[in-house]
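Peer 1: Sequence plus predicted model, see below.
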Amino acid sequence: MSNKASSLLWNLKRFSTLIPRSKTLRLHPLGFCRPKIVHLSWNLRNLLLNDFDVGRGPPVRYLFHDAFILKADDGCAQTKGLHSAADFRVDRMLCPRRLSFDSKHSLVSDRTVTSNEGMLSKGIRPTPISRRKVFEQCNSLSDVLDMFSKAPTFPSSNYFSAMWTIAKRMSDDQKRFEKQLMFSHPAFNHLCEQVMREAKIMHYDHLLFSLHAMVKLGVPQNTLVVQTLLRMIQERINECDERSLSILSTLLEAMEPCNNVHVLRAGLRILVDQKIWKIERVFTLQTVMKYIGKDTPVALKKKLEMKALRELDRFSLLNSQRMFEVLAAMDHRSVVLLDECSKMVIDNIHGCPFKILMNILQSCKDLQYRNLDLFKGIADYVTTTFDVWKLKQVIFLLISFENLGFRPVDLMDMLMKKIVEEPKCLNTKNILSIIHVYSSLNHCSGNQNKEFLEVMASGLTGCLHHISSENLLNAVYSFCLMNYFPLAPTNQLLQKGIINELLTSGDREKNAHKLHVLDTCLKLDETAYHKAIDIQLPQPPLPPSYPNTKVSEVLRSLLGGDECFLKNVQLPHNYCIDFEIRMDSNRSQVLSFSDTDVTSATHIQRVAVLCIPRSLYCWNSSHPKGFLAMKMRHLNIMGFHVVLVHNWEIEKLKMEDAVSLLKTKIYSVEALPTSDVNLQ
């Protein structure tokens, strides 16, 4: 019995040298807190109460190759119940078993034990190593691992953070090569084991930093080390302070979906819901909003919006600029918040970087947010500082404006002038992007328009030897919308081989539609071509028809009956008009369709009434976009007088006002009594 007692005491004394300090936490469920480190005295009671729980936990089921990979059936490791203190070193699959301290797979490496024993015997504690020190002394990922293998120090998370800091400054090829060396380095698995051992005692933000660095360095998510840290972060989530909330949000965004990530994201949302009013830093609030997820409950999104509105007085310029991207990432359209941030952006627009301008415009598109003052402010700023910007940057901004349907007239005129003066600055991508934007927004600038189109056509002709068939079709289609037909590009596109390729590969429906437009333009517009496309094109689908009930009632009241107009008239070339009216040549009298003699007469004027949605106009203007402008041009060639009716205006008007409005549009000015209608 005495031998057993002495053996037990000797073992306990031996264990006491393994762990230099323990940790106790003072946690408050609804408040921010940070773990408080307490160095305990080395006695038997503290050892039993604080350190024996390290060895408890269910067994690990499957383990492969150097204790690093955990097999997962659903693409994500199941780590429920795993403890970070589990440490293994194997070269083959192990059978399920419970680990204990007397196992040959010890919890701490022999080198670390020897080093710690020697330091403790002299009364010296190991000095923690900082990430900055590791970063300053190492130039590659392998250098960091070499430093760790020579003298492992606490916390080991700093080694991973240092490796990610180094990797961020590398090129893609160098980063890929360094990662291969990192995974094959003999100390890498030891570092992973060390991190798992320390997961229970390191600061919570260090735990988050280490996992974030692992994910960014490409450590597979279904590995034991990643899933163990994920589980430990779940268990200690109440230790999250304001800084850790920001780190945790960023970490979850970097990880792929899996069970443990879903659970942790749900825990983050609960935590944010509880602590949202205690968040003090605007940057932390915006980080949480950005990465909390689009599928966040609407109630929590509203609460985050309210918190942001309360902090508006403390918003810096950077906070206001960043809020657009934050709301787009959260998929929450807060007009009040966006309006307030827009004012600050406009007031401080000078010096705004290109990347921020692009983020703002892209976020406005994602959120379907339109602010005329904001768009004009950005466009005017780029116009006044035009010489400072690269041509590529101006083109990207114009593409963003085109996606929003906004037409920055002065900026587009400035770019046209630059292209006419310096045609050599163009390449294939620039030509395709510029001609697409200008044709889509139907922008032309008087006498300069012809020179601009000639320069663009000349540049496209010089690229014909290496341009793809789809890009050639897109370019010629854009020229067609602008009623311009460059000879060489159009001749190359009309070759049977290229047309067959377009109809059998890529986006065939889209290509067929554009070829139909080209064929229609060649038949109707005044071009140098006297024949259309030889190949039979597939029949395009009929354009959708809309009831337009309000306009129909107005026409019935204005013209005196249904026999005076036709609905949804299908025309050649796949054109459809909402209403057709037949009048005399002076447009002073409406003719009935029931009168066959009148219908066959040649002196009549056909009137096409088109009910136009707001999307076919440039935003906040009456300027038609490219396809509508082309349709109006072709209807005029086919003998129609085109009348455009704005759906959104008619729906707001009373019947009497709507009748007066259509009367001014349909009848000629000479036929209207000035006392009846306000012609303005």
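Peer 2: Now that the structure is in, tell me what you want to look at.
Peer 1: Show me how the protein divides into domains.
Peer 2: The chain breaks down into these domains under automatic domain parsing: 2-55, 110-313, 317-497, 549-671.
Peer 1: nearest to residue 504, of these?
Peer 2: Closest to residue 504 of the domains of the chain is domain 317-497 (Cβ to Cβ; 10.7 Å). (C-beta placed from N, C-alpha, C; glycine too.)
Peer 1: number of nearby residues for the residue nearest to residue 472 when sequence neighbours are not counted?
Peer 2: What sits nearest to residue 472 in space, not counting adjacent residues and going by Cβ to Cβ, 6 or more residues apart in numbering, is residue 493, at 5.4 Å. Look at residue 493: counted by other Cβ atoms under 10 Å, it has 22 neighbours.
Peer 1: hang on, the earlier thing: looking at the domains of the chain, which is nearest to residue 523?
Peer 2: Among the domains of the chain, domain 549-671 comes nearest to residue 523, with 7.2 Å by Cβ to Cβ.
Peer 1: Select, out of the domains of the chain, the one closest to residue 535.
Peer 2: Among the domains of the chain, domain 317-497 comes nearest to residue 535, with 6.0 Å by Cβ to Cβ.
Peer 1: Now do the closest one, average pLDDT.
Peer 2: Domain 317-497 shows a mean pLDDT of 94.
Peer 1: repeat for stretch 208-219
Peer 2: For stretch 208-219, the per-residue pLDDT averages 93.
Peer 1: gap between residue 442 and residue 473?
Peer 2: The gap separating residue 442 from residue 473 is 20 Å, by Cβ to Cβ, to the nearest Å.
Peer 1: Might one say that residue 524 is in contact with residue 631?
Peer 2: No. Contact between residue 524 and residue 631 fails when scored by Cβ atoms under 8 Å: they sit 10.8 Å apart.
Peer 1: Quick one: residues contacting residue 336.
Peer 2: residue 309 (Cβ atoms under 8 Å, 6 or more residues apart in numbering).
Peer 1: So for the helix or strand where it lies, what gets flagged as buried?
Peer 2: Assessed by DSSP states H and E, residue 336 sits inside helix 335-347. Neighbour counts using 16 or more other Cβ atoms under 10 Å place 337, 338, 340, 341, 342, 344, 345, 346 of helix 335-347 among the buried residues.
Peer 1: lowest confidence element among the helices and strands of this protein?
Peer 2: Here the helix or strand of the chain ranked lowest by mean pLDDT, DSSP states H and E is helix 44-50, holding a mean of 35.
Peer 1: if we can go back for a sec, could you point out which element follows the helix holding residue 336?
Peer 2: Moving toward the C-terminus from helix 335-347, the first helix or strand encountered (DSSP H and E) is helix 354-367.
Peer 1: other SSEs contacting that following helix?
Peer 2: Applying 3 or more Cβ pairs under 8 Å, 6 or more residues apart in numbering; DSSP states H and E, we find helix 354-367 packed against helix 317-330, helix 372-384, helix 391-404.
Peer 1: Spell out, range by range, the helices that occur in the stretch 101-250 of the chain.
Peer 2: Applying DSSP state H, counting those that start in this stretch to the stretch 101-250 of the chain gives helices spanning 110-121, 131-137, 141-150, 157-168, 172-184, 186-198, 204-216, 224-235, 242-254.
Peer 1: Determine which of the ones you listed approaches residue 556 most closely.
Peer 2: Across the helices of the stretch 101-250 of the chain, residue 556 has its closest neighbour in helix 242-254 (57.4 Å, Cβ to Cβ).
Peer 1: Next, the buried residues of the helix or strand that comes right after the closest one.
Peer 2: Using DSSP H and E, the helix or strand that follows helix 242-254 in sequence is helix 259-275. Applying a neighbour-count criterion of 16+ other Cβ under 10 Å, one finds 259, 260, 261, 264, 265, 267, 268, 269, 271, 272, 275 buried in helix 259-275.
Peer 1: where's residue 302 relative to residue 309, distance?
Peer 2: 10 Å.
Peer 1: Correction: the previous question concerned residue 504.
Peer 2: Distance, residue 504 to residue 309, by Cβ to Cβ: 55 Å.
Peer 1: And for the residue most central in space within the chain, nearest residue in space, chain neighbours not counted?
Peer 2: In the chain, the centroid-proximal residue (Cα atoms, centre = their mean) is residue 329; its distance is 7.2 Å. Closest residue to residue 329 apart from its sequence neighbours, by Cβ to Cβ, 6+ apart: residue 290 at 4.5 Å.
Peer 1: ok but the one you found is inside a helix, no?
Peer 2: Yes. Counting by DSSP: H, G, I helix; E, B strand; the rest coil, residue 290 is part of a helix.
Peer 1: Tell me how many other residues crowd it.
Peer 2: For residue 290, the count of nearby residues is 20 (other Cβ under 10 Å).
Peer 1: ok, so of the buried residues of helix 335-347, who is nearest residue 569?
Peer 2: For these, the residue nearest residue 569 by Cβ to Cβ is residue 338; the value is 42.6 Å.
Peer 1: ok, that closest one to residue 289 distance?
Peer 2: Taking Cβ to Cβ as the measure, residue 338 falls 13 Å from residue 289.
Peer 1: shared neighbours, those two?
Peer 2: Shared contacts of residue 338 and residue 289, defined by Cβ under 8 Å, 6+ apart, are found at residue 327.
Peer 1: and residue 494, what does it touch?
Peer 2: Residue 494 makes contact with 533, 534, according to Cβ under 8 Å, 6+ apart.
Peer 1: can we see that at 6 Å?
Peer 2: With contact set as Cβ atoms under 6 Å, 6 or more residues apart in numbering, residue 494 has no partners.
Peer 1: and residue 516, what element?
Peer 2: If you go by DSSP H and E, residue 516 is part of helix 508-524.
Peer 1: following that helix, which helix or strand shows up next?
Peer 2: Toward the C-terminus from helix 508-524 - assigned by DSSP H and E - lies helix 549-559.
Peer 1: Quick one: mean pLDDT for that next one?
Peer 2: For helix 549-559, mean pLDDT rounds to 92.
Peer 1: ok, and for that helix, which residues are buried?
Peer 2: For helix 549-559, burial by neighbour count (16+ other Cβ under 10 Å) applies to 550, 551, 552, 554, 555, 558, 559.
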